[in-house]
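S.K.: task: produce atomic coordinates for the following.
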Amino acid sequence: MFDLQYFTKFKITTNSLIERMLEKVQLEKVLFLDIETVPQVYRYSDVDQYVQELFEGKTRFLQKADKSFEDLYGERGGIYAEFGKIICISVGFVSQTSTGRQIRMKSFYHDDEETLLRQFKRLLDEHYNSPYSILCGHNAKEFDFPYICRRMLINGVRLPSTLDIAGKKPWETGHLDTMELWKFGDFKAYTSLSLLCHVFDIPTPKDDISGADVARVYYEDGDLERIKVYCEKDVVALIQLFLKMQGGHLVDESDIIYS
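M.R.: Coordinates of the predicted model:
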């Protein structure tokens, strides 16, 4: 039986916890991140027949009369960690200077996925390995964090402590998700980063590519640098959104440092 009183109390408690969490978060302990992924094989017709069968088995409930498995692969080949790979991880952190807040950006991008994953792991091991370290992304608990973990295991990379959540309670993981924060207990809500930037009046550059273009730009244009720039802009938008949700001010473009 549905207990409305319990559910209402749970939502209020959840909202209060989120508000207190945002107030207490130490920004210098937070690493903001975003990833870009592509299918391991660009065209479905070039995918090994057995792998095609495995993909069709995984997506059989999504297949419709007007949508072939080839269409599904074009849409989701890079979204599933079993069939995709990471080509870029961009990260950013906020520091306090004598003149105000500053955002520092760094990206790990490479054609060889294992190489960039090991570089990213080294950053976490050296600078974000304490119980107070926090990773933050948008829809990251559903996508970015598990995707990184799965691809690390597939590539034989040992999980860093901040990503190894086995046996940990939810409040012990040190993971924040701006989309989850925006839900306020509304489990059915999905809100894009672009939409939240709009409603919070956060300026975002009008780029010539979107997430749907990443695979094409990577495989047809070979322009990994362009994808890296696109990924970094998402991280900057993520940080600005988090600052707004905390009740703070945006960081000026002149105070964003790209390494």
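S.K.: the helix or strand of the chain with the lowest mean pLDDT: what's the following helix or strand?
M.R.: Using mean pLDDT, DSSP states H and E, the weakest-scoring helix or strand in the chain turns out to be helix 4-24, at a mean of 50. Next helix or strand after helix 4-24 toward the C-terminus (DSSP states H and E): strand 30-39.
S.K.: state the mean pLDDT of that next one.
M.R.: When pLDDT is averaged over strand 30-39, the result is 98.
S.K.: now do the next helix or strand after it: which elements does it pack against?
M.R.: Proceeding C-terminally, strand 30-39 gives way to helix 49-58 as the next helix or strand, assigned by DSSP H and E. On a contact count with 3 or more Cβ pairs under 8 Å, 6 or more residues apart in numbering; DSSP states H and E, helix 49-58 meets helix 69-76. All C-beta atoms are positioned from the backbone trio N, CA, C, and that covers glycine.
S.K.: which residues are contacting the helix it packs on?
M.R.: By Cβ atoms under 8 Å, 6 or more residues apart in numbering, the surrounding residues in contact with helix 69-76 are 39, 44-45, 47, 52, 55-56, 59, 62-63, 83.
S.K.: give me the neighbour count for the residue lying closest to D144 once chain neighbours are set aside.
M.R.: Closest residue to D144 apart from its sequence neighbours, by Cβ to Cβ, 6 or more residues apart in numbering: G137 at 4.6 Å. For G137, the neighbour count with other Cβ atoms under 10 Å is 26.
S.K.: need the pLDDT of G137.
M.R.: Looking at G137, its pLDDT is 98.
S.K.: show me the beta-bridge partners of it.
M.R.: For G137, the beta-bridge partners are D177 (DSSP bridges).
S.K.: that one and F32 touch, don't they?
M.R.: Yes - judged on Cβ atoms under 8 Å, G137 makes contact with F32 at a distance of 6.9 Å.
S.K.: joint contacts of the two?
M.R.: When contacts are counted by Cβ under 8 Å, 6+ apart, G137 and F32 are jointly contacted by L238.
S.K.: about what we covered before: among the contacts of helix 69-76, which one sits closest to A212?
M.R.: Nearest to A212 among those is P39, at 12.7 Å by Cβ to Cβ.
S.K.: tell me who's in contact with the residue nearest to S194 when sequence neighbours are not counted.
M.R.: The shortest distance from S194 to any non-neighbouring residue, by Cβ to Cβ, 6+ apart, is to T204 (7.0 Å). For T204, the contact set (Cβ under 8 Å, 6+ apart) comprises 194, 197, 233, 237.
S.K.: check for me that the second one belongs to a strand.
M.R.: When you say that, I think you mean C197. No - under DSSP: H, G, I helix; E, B strand; the rest coil, C197 sits outside any strand and is assigned helix.
S.K.: circling back to that earlier point, out of the contacts of T204, which is most surrounded?
M.R.: Top of the contacts of T204 by neighbour count (other Cβ under 10 Å): A237, with 23 neighbours.
S.K.: how close does it get to C197?
M.R.: Taking Cβ to Cβ, to the nearest Å as the measure, A237 falls 5 Å from C197.
S.K.: T173 too?
M.R.: 26 Å.
S.K.: starting at the chain centroid, how far to the helix or strand that I239 is a member of?
M.R.: Here I239, judged by DSSP H and E, is contained in helix 224-245. Its chain's C-alpha centre and that of helix 224-245 lie 10 Å apart, by Cα atoms, centre = their mean, to the nearest Å.
S.K.: same check on stretch 72-88?
M.R.: Computed by Cα atoms, centre = their mean, the chain-centroid distance of stretch 72-88 equals 14 Å.
S.K.: using PDB, write out the CA atom coordinates for it.
M.R.: The C-alpha trace of stretch 72-88 is given here as PDB (Å, rounded to 0.1, in the frame of the first residue of the first chain):
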ATOM      1  CA  LEU A  72      19.800   1.700 -32.800                       C
ATOM      2  CA  TYR A  73      23.500   1.100 -33.100                       C
ATOM      3  CA  GLY A  74      23.900   4.600 -34.600                       C
ATOM      4  CA  GLU A  75      22.100   6.000 -31.600                       C
ATOM      5  CA  ARG A  76      23.400   3.800 -28.800                       C
ATOM      6  CA  GLY A  77      26.600   2.200 -29.900                       C
ATOM      7  CA  GLY A  78      28.600   4.700 -28.000                       C
ATOM      8  CA  ILE A  79      26.300   4.800 -25.000                       C
ATOM      9  CA  TYR A  80      26.700   1.200 -24.000                       C
ATOM     10  CA  ALA A  81      30.100   0.500 -22.400                       C
ATOM     11  CA  GLU A  82      30.100  -3.000 -23.800                       C
ATOM     12  CA  PHE A  83      30.100  -1.600 -27.400                       C
ATOM     13  CA  GLY A  84      31.600   1.900 -27.000                       C
ATOM     14  CA  LYS A  85      34.800   3.500 -25.700                       C
ATOM     15  CA  ILE A  86      35.800   6.700 -24.100                       C
ATOM     16  CA  ILE A  87      37.800   9.200 -26.200                       C
ATOM     17  CA  CYS A  88      37.900  12.100 -23.900                       C
END
